[in-house]
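In: test case, fold it:
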Amino acid sequence: MTQRDDIVANAKYLRNVRPIDPEEVCEYVEGHPHPAIVRQTLREEALSLELVERPDGTFAPVPEDPVTTTVDTVEALPNVYDEVIRDMLVERFGLDWAEGESGETLRTTIRRLKDDYYRRRDVEYDAVASLGYAIYHLPDFYAAIQYVLDDLVAKRLLPRNLRVLDIGAGVGGPALGLHDFLPEETLVDYHAVEPSAATEVLDQVLECTAPSFHTRVTETTAEAFEPEGEYDLVLFGNVLNELDDPEAVVRKYLPHLAEDGSVLALAPADKNTSIGLRQVERAVTDEATVYSPTVRLWPGHEPSDRGWSFDVRPDLATPESQRRLDEATPESDEAHESGEFVNVDVQFSYSILRTDGARILDVTPSADRYAKMAAMDDHVSNRIDLLAVKLSHNLAQQDANPLFKIGDGSQAADHYAVAVKQTSLNHDLHDAAYGDLLAFESVLALWNDDEEAFNLVVDEETVVERIPKPV
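Out: Residues are numbered from 1 along each chain as shown. Prediction:
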């Protein structure tokens, strides 16, 4: 028996008795290896032994109960991650990286990335582009994924022993957000797939993760990578819009979900990428169920509206790297407006797909009680009762009547709830969160020719009730 085998054998015995202390194990192993050697061996074997390293330096079996922690507000990208980016900038450009030629190169790069996304051009990530992307986008995707993970926690569907495949991991925003969202005693087998120079940034930021967050990075494309085994979570973070055939790629990975696993796709909130995400979601519903947020309430129906839907959360604090780059813009740059290189908005579209039929809103409306959006033409000018999911925050211009996108998964055109008179009986429309289920009583259905959409008018006769998510 080798020394490693002896350490593993002792760990297998002790894991069922008490926390494993490397200083204790070394006494039982022939040759009495240094506790540091035992600790490193246990870290390397943690996935097979299903052990998590605790803050006191001992190891214990990963808890069997699922993740229950949630996030209320993500206030900022932790400075430790932004510091990694700044260190890389200093290493490449020097201490004054935000000034002079290097600062101009970074600002030009970020402007080009933003324009390429807006015009739907292919984006190439070399080392400089990856750093520019990290400055501008690492914070918002770090925050966004944490809000989305709350949807899985709502029904206790995020295990503590977590196998993750991150397709198009980029510079690591979703990975870091996942890491910081999870409780300490969670064992993560995290495998990133990324073909570009973004792996230079990704490798550096992943070094900040805890010992029980075990990381691997494979430099290849989503199309070329061959999955190994099953995963509890397959992530697509701002990548589907960059693929030639995103539907085919999602279909490729669906069979590699664990029985109770999830595909989690994130996209920016802008019109093209958000609608593109929803198109992929709709294309694969023959193989997967939409868990959230655009739940199909009516069996046998699929939506065919535009599908532009996104969540909005509180702004983040400005990271130091963004502040320095923006403030260093010379006055001679006439195109610059203050804050151009500060991106603290947290606005995102997302989709969670599952193959076990689970939905965050396990509700089926009664056709005897509620109207169906697929048949809304039949209800124009009538007051109706309706079950719908809130799919936006207030979209109205200042001083206009509050306007919220809603859907029930059967709609062929956009539907908006328009609040013309707020009362104590309908304020849930305003107070409900994105993705919440709402019951409307006596809402007036109208057709809006200008917008080619249905308006559901909420006035003093209307009752709106938020229905809590079942657990």
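In: could you give the number of residues near Pro227?
Out: 16 (other Cβ atoms under 10 Å). Bear in mind the C-beta positions are built from the backbone N, C-alpha and C, glycine included.
In: where does it fall, helix, sheet strand or coil?
Out: What DSSP: H, G, I helix; E, B strand; the rest coil gives for Pro227 is coil.
In: check contacts around it.
Out: Neighbour list for Pro227: 165, 252-253, 256 [criterion: Cβ atoms under 8 Å, 6 or more residues apart in numbering].
In: which one of those is nearest Arg54?
Out: Nearest to Arg54, judged by Cβ to Cβ, of these is Leu165 at 26.2 Å.
In: contacts only, for the closest one.
Out: 191, 193, 227, 231, 233-235, 253, 256.
In: and with 7 Å instead?
Out: By Cβ atoms under 7 Å, 6 or more residues apart in numbering, the residues touching Leu165 are 191, 227, 231, 234.
In: cool, Thr285 as well?
Out: Counted by Cβ under 7 Å, 6+ apart, Thr285 has contacts Glu302.
In: repeat that for 10 Å
Out: Contacts for Thr285 (Cβ atoms under 10 Å, 6 or more residues apart in numbering) come out as 296, 302-303, 353, 409.
In: buried subset of the residues you listed?
Out: 296, 303, 353, 409 (16 or more other Cβ atoms under 10 Å).
In: circling back: redo the contacts of Leu165 as JSON lines? Include pLDDT and distance to Leu444.
Out: Formatted as JSON lines, the contacts of Leu165 follow (pLDDT from 0 to 100; distance: Cβ to Cβ, whole Å):
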{"residue": "His191", "pLDDT": "98", "distance to Leu444": "52"}
{"residue": "Pro227", "pLDDT": "94", "distance to Leu444": "50"}
{"residue": "Tyr231", "pLDDT": "98", "distance to Leu444": "47"}
{"residue": "Val234", "pLDDT": "98", "distance to Leu444": "43"}
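In: those in strands, which ones?
Out: Residues of the contacts of Leu165 located in strands (DSSP state E): 191, 231, 234.
In: quick one: which of those residues is most hemmed in?
Out: Result: Val234 is most packed of the ones in strands among the contacts of Leu165 (other Cβ under 10 Å), 24 neighbours.
In: what's opposite the closest residue to Ile467 other than its chain neighbours in the beta bridge?
Out: Nearest residue to Ile467, sequence neighbours excluded (Cβ to Cβ, 6 or more residues apart in numbering): Leu437, at 4.4 Å. Leu437 has the following beta-bridge partners by DSSP bridges: Val389, Ile467.
In: mean confidence for the helix or strand His430 falls within?
Out: Assigned by DSSP states H and E, His430 falls within helix 428-431. In this model, helix 428-431 has an average pLDDT of 97.
In: many thanks, we can stop here.
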